[in-house]
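**Q** my questions concern the predicted model and sequence given below.
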Amino acid sequence: MAKKKLKLLSRKTIAEGTMMFNFERPNDFVFKSGKTIDITLINPPETDEEGNIRTFSLVSAPYESTLSIATRLRDTAFKRVLKNMPLNSEVDIEGPYGSLILQNDFSRPAVFLVGGIGITPFFSIIKNATNSKLPHKIFLFYSNRKPEDTPFLTQLEELQNFNPNYSLISTMTDMEKSKQDWGGEKGFITKEMIEKYLPDTISPIYYSAGPPEMVAAMKKLLNDMGIDDDNIRIEEFLGY
């Protein structure tokens with residue numbers, strides 16, 4: 001695919017240590033929710049051994065006018081340049097890529113098991129399902145340390161008001177370090193937590209994305225629950 005030069009339009013902090021970046025969207029850029037793009041920095045002022053290219057899931061939905069990504073701000077040259085580059089600076093993008101998209105079969109629930117920044121493709125999928133009034137039943141199990149570092153928590157909560165087929169089960173694993181109150185679930189995603197909200201755990205299609213350790217833990221959990229690999233779709237975020 002040919003590279004496209006896009007301008008950085010805006011950026012904002014969306015959680016502790018996490019920022020969203022909004023780029024212009026070419027008129028001919030067509031994608032499905034859950035897809036990724038490769039971003040290449042153009043003549044960056046610094047670089048390191050990890051290089052100037054990263055893969056990001058698109059946070060934006062297909063109906064939105066910008067191409068947006070979100071990322072944890074690790075201390076790498078790429079992330080420092082991205083965070084500090086002047087607005088209207090250009091980057092090269094290629095894509096869309098990837099296969100982590102919502103299944104066509106709406107007779108089976110879609111269950112997302114997600115931690116932290118792994119939310120990015122699923123935020124796009126849920127926004128699009130809501131906007132398009134898709135009939136899919138969607139359950140999002142979303143694990144974070146505390147509300148302050150949970151990307152898109154408020155938006156994900158509010159989407160339930162517009163999509164009766166979508167349910168959010170948010171859980172926090174480190175609330176003793178939080179300054180906020182929390183009335184939701186606590187602890188890691190477990191078999192017992194999933195069974196509490198899913199009357200039928202066998203029929204859904206399960207999805208997980210994020211750091212390899214999180215994805216591996218979710219796949220093992222599902223396998224231990226008797227879920228066949230054919231019904232599990234995963235994507236690892238490397239160097240996120």
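**A** That came in fine, so what should we check first?
**Q** how about the strands in the protein?
**A** With DSSP state E as the criterion, the chain has strands at 4-15, 18-24, 36-41, 53-57, 66-72, 90-97, 110-115, 138-144, 166-172, 185-186, 205-210, 232-236.
**Q** looking at those strands, which is closest to residue 79?
**A** When those are compared by Cβ to Cβ, strand 66-72 sits nearest residue 79, at 6.9 Å. C-beta here means a position set from N, CA and C on the backbone, and glycine is covered the same way.
**Q** which helices and strands does that closest one pack with?
**A** Taking 3 or more Cβ pairs under 8 Å, 6 or more residues apart in numbering; DSSP states H and E as contact, the helices and strands that strand 66-72 lies on are strand 4-15, strand 18-24, strand 36-41, strand 53-57.
**Q** the inter-axis angle of the longest one versus strand 18-24?
**A** Put plainly, it is strand 4-15. Relative orientation of strand 4-15 versus strand 18-24 (axes from the mean of the first three to the mean of the last three Cα atoms, to 10 degrees): 150 degrees.
**Q** now for strand 4-15, which elements pack on it?
**A** Contact analysis of strand 4-15 by 3+ Cβ pairs under 8 Å, 6+ apart lists strand 18-24, strand 66-72, strand 90-97 as its packing neighbours.
**Q** buried stuff in stretch 221-233?
**A** Residues of stretch 221-233 classed as buried: 221-222, 227, 231-233 (neighbour count, 16 or more other Cβ atoms under 10 Å).
**Q** return the member of those residues nearest to residue 103.
**A** Distances from residue 103 to the buried residues of stretch 221-233, taken by Cβ to Cβ, are shortest for residue 233, at 8.1 Å.
**Q** list the contacts for the closest one?
**A** Taking Cβ atoms under 8 Å, 6 or more residues apart in numbering as the contact definition, residue 233 lies against 99-100, 205-208.
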